[in-house]
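> just to be clear, the model below is a prediction. Sequence and coordinates:
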Amino acid sequence: MKKPSIFSLLISSISLMGFWVIMSGFYDVIHLSMGVFSVVLVLYLNYNLKSVRFSEDDMNDIKELNFFRAFYYVFWMLWQMIKAGTHVALILIKPSMPTKLQMIQFRVNLPNSHARMILGNSITLTPGTLTVEIDGDLFKVHGLDDSSFEGILNDEMPHQVLKLFQNEMHPVVSDVKYLSYDDI
């Protein structure tokens, strides 16, 4: 593994320290020294973490990521979070709206582990849904009601993730099964 450049370390240090200063709100010697210690610790742990391979395709699949598409994905995801957050707020405000807690299991046909990780995190970031388990290409997701799964089951969210890594489109979600809580 190649060593990080001085420029890379400098940018990371400044970014992390800036974030620390903004989030702490204290500018005395104690807090700033804790910030410096935290930044050094994060940089050290991150450097060591980069040498660990979590799956076989770890190193190559991130090279396939379309960064222009990723920029679009961030805004698309924010819109999904707003829509789902509004739905969850309506459920909370109107007790007459029924919640029917559900769990679904499905398989995905995504090109690599990073794509599966992005899909799992995107599902969890969307209010009303939670990725409970990812085992290879098998996902288990909890939701507040049937409409919580709409973006997953109609392949909208999985297709957005697929577009991050490849241009050709194909069905992503298959073998959907609604689980009872006894099956878990």
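Now that the structure is in, tell me what you want to look at.
> do a quick rundown of the strands in this structure.
Assigned by DSSP state E, the chain shows strands spanning 102-108, 129-135, 138-143, 173-179.
> report the buried residues of the last one.
Applying a neighbour-count criterion of 16 or more other C-beta atoms under 10 Å, the buried positions in strand 173-179 are Val173. Heads up, the C-betas are built off the backbone N, CA and C, glycines and all.
> is it correct that Leu153 is in contact with Asp175?
No: Leu153 lies out of contact with Asp175 (C-beta atoms under 8 Å); the separation is 11.8 Å.
> what touches both of these two?
Common neighbours of Leu153 and Asp175 (criterion: C-beta atoms under 8 Å, 6 or more residues apart in numbering): Phe106.
> mind listing what's buried along stretch 134-146?
For stretch 134-146, by 16+ other C-beta under 10 Å, it's Ile134, Phe139, Lys140, Val141, His142, Gly143, Leu144, Asp145.
> show me the contacts for Met169.
Taking C-beta under 8 Å, 6+ apart, one finds His159, Leu162, Lys163 in contact with Met169.
> report the rounded mean pLDDT for stretch 13-26.
For stretch 13-26, mean pLDDT is 91.
> actually stretch 136-143, not the one I typed
93.
> starting at the chain centroid, how far to stretch 34-41?
26 Å (C-alpha atoms, centre = their mean, to the nearest Å).
> least trustworthy helix or strand in this structure by mean pLDDT?
helix 58-61 (a mean of 61; mean pLDDT, DSSP states H and E).
> where do the domain boundaries of the chain fall?
Domain assignment of the chain by automatic domain parsing yields the ranges 6-52, 60-179.
> out of the ones you listed, deepest packed?
For the domains of the chain, average neighbour numbers computed from mean count of other C-beta atoms under 10 Å are highest in domain 60-179, which has a mean of 16.
> distance from the chain centre to that one, please.
Centre to centre, stretch against its chain (C-alpha atoms, centre = their mean), the figure for domain 60-179 is 9 Å.
> check stretch 14-27 too.
With C-alpha atoms, centre = their mean, you get 24 Å for stretch 14-27.
> name the residues that touch that stretch?
Under C-beta under 8 Å, 6+ apart, the answer for stretch 14-27 is His31, Leu32, Gly35, Val36, Ser38, Val39, Val42, Leu43.
> OK, contacts around the last one?
This points to Leu43. Per C-beta under 8 Å, 6+ apart, neighbours of Leu43: Leu9, Ser12, Ser13, Leu16.
> the residues you listed into JSON lines, with extra columns for distance to Leu92?
Below are the contacts of Leu43 laid out as JSON lines (distance: C-beta to C-beta, whole Å):
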{"residue": "Leu9", "distance to Leu92": "45"}
{"residue": "Ser12", "distance to Leu92": "40"}
{"residue": "Ser13", "distance to Leu92": "42"}
{"residue": "Leu16", "distance to Leu92": "36"}
